[in-house]
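sequence plus predicted model, see below.
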Amino acid sequence: MAYDLQEQEQIDTLKAFWSQWGKLIGGAVLAVSLGFIGFKGWQYYQRSQAEAAAVIYSQLETQLQGGKLGEVKSTVALLQRDYPSAILAANGALLAAKLAFEQNDLGFARAQLKWVLAQQGDEALMAVARLRLATVLLDEKQYDAALAELDSPHPAAFDSLFLDLKGDVLVARGDNNGARESYKAALAKAAPDAPARDFIQTKLDSVGN
């Protein structure tokens, strides 16, 4: 098939372009394609991980309802080993710690709460874990360690709760003056309709306001 001079020049120009840039463009297309495939693969992996974690978490919920701490320990350990980044693993640890605290296994409760804090996850979840850890430490009479947790950074929405518990720790340590100031600050930070206001006021009255 014959080409006129203009067509031949266009063909020659196109050939020259692909000779110079063809490999780069092909590589870029391949990289984009692989990136898309990788992204889809990652989405599928994340979804399958979440589904598998949910199955184990369902078992954990049943064990928690039955108060079976021994079984809870095994199941939460499995969640943390195989799905440490799943939010269900952190939630499971919080619930396991709560059951352990209720059954006076303070060592296990403390370990679970420290595991949650080590994951550096959602700020609100971390604040809940820190409050519960401070409660465990208070029960263990580790007052300085409890105060250190309560002085750690946390979302402002938790200020009243942290200050209230700090007052409890200071009362236990015999520092009524410090507790009084902490309870006052907790009241100042609490919402006007917060259910805990009356309880905090009662504790403030008990140390002298």
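Okay, I see it.

now F158. Nearest residue, chain neighbours left out?
In this structure, F158 finds its nearest non-sequential neighbour in A127, 4.5 Å apart by C-beta to C-beta, 6 or more residues apart in numbering. C-beta: built from backbone N, CA, C; applies to glycine.

what's the helix or strand for that neighbour?
helix 123-139 (DSSP states H and E).

give me the contacts around that helix.
By C-beta atoms under 8 Å, 6 or more residues apart in numbering, the surrounding residues in contact with helix 123-139 are 87, 90-91, 93-94, 97-98, 101, 106, 109-110, 113-114, 116-117, 120, 143, 145-147, 149-150, 152, 154-155, 157-158, 161-162, 165, 168-169, 172.

the residue nearest to the spatial centre of the chain: what secondary structure?
The residue lying closest to the centre of the chain (C-alpha atoms, centre = their mean) is G121, at 3.0 Å. Of the three states, G121 takes coil under DSSP: H, G, I helix; E, B strand; the rest coil.

what are the neighbouring residues in contact with it?
Taking C-beta under 8 Å, 6+ apart, we find G121 in contact with 87, 90.

redo that, cut-off 10 Å
Counting by C-beta atoms under 10 Å, 6 or more residues apart in numbering, G121 touches 85, 87, 89-90, 129.

in this structure, which ranges drop under the pLDDT threshold?
Across the chain, the ranges flagged by pLDDT under 70 are 1-50, 209.

contacts for stretch 194-203, please.
By C-beta under 10 Å, 6+ apart, the list of residues contacting stretch 194-203 reads 160-161, 163-164, 167-168, 171, 179-180, 182-187, 189-191, 209.

got it, and stretch 93-100?
57, 60-61, 63-69, 72-73, 75-77, 79-80, 105-117, 119, 125, 128-129, 132-133, 135-136.

repeat that with 6 Å
64, 69, 72, 76, 108-109, 112-113, 115-116 (C-beta atoms under 6 Å, 6 or more residues apart in numbering).

try stretch 152-170
With C-beta under 6 Å, 6+ apart as the test, stretch 152-170 has contacts from 123, 127, 130-131, 134, 138, 143, 146-147, 150, 178-179, 182-183, 185-186, 189-190, 200.

wait, F101 sits on A109?
Yes. Between F101 and A109 a contact is recorded at 4.4 Å, counting by C-beta atoms under 6 Å.

and the two? Which one has more around it.
The residue with more neighbours, out of F101 and A109, is A109; 26 against 19, by other C-beta atoms under 10 Å.

check which helices and strands the host helix or strand of that one is in contact with.
Secondary structure from DSSP H and E places A109 in helix 106-118. On a contact count with 3 or more C-beta pairs under 6 Å, 6 or more residues apart in numbering; DSSP states H and E, helix 106-118 meets helix 87-102, helix 123-139.
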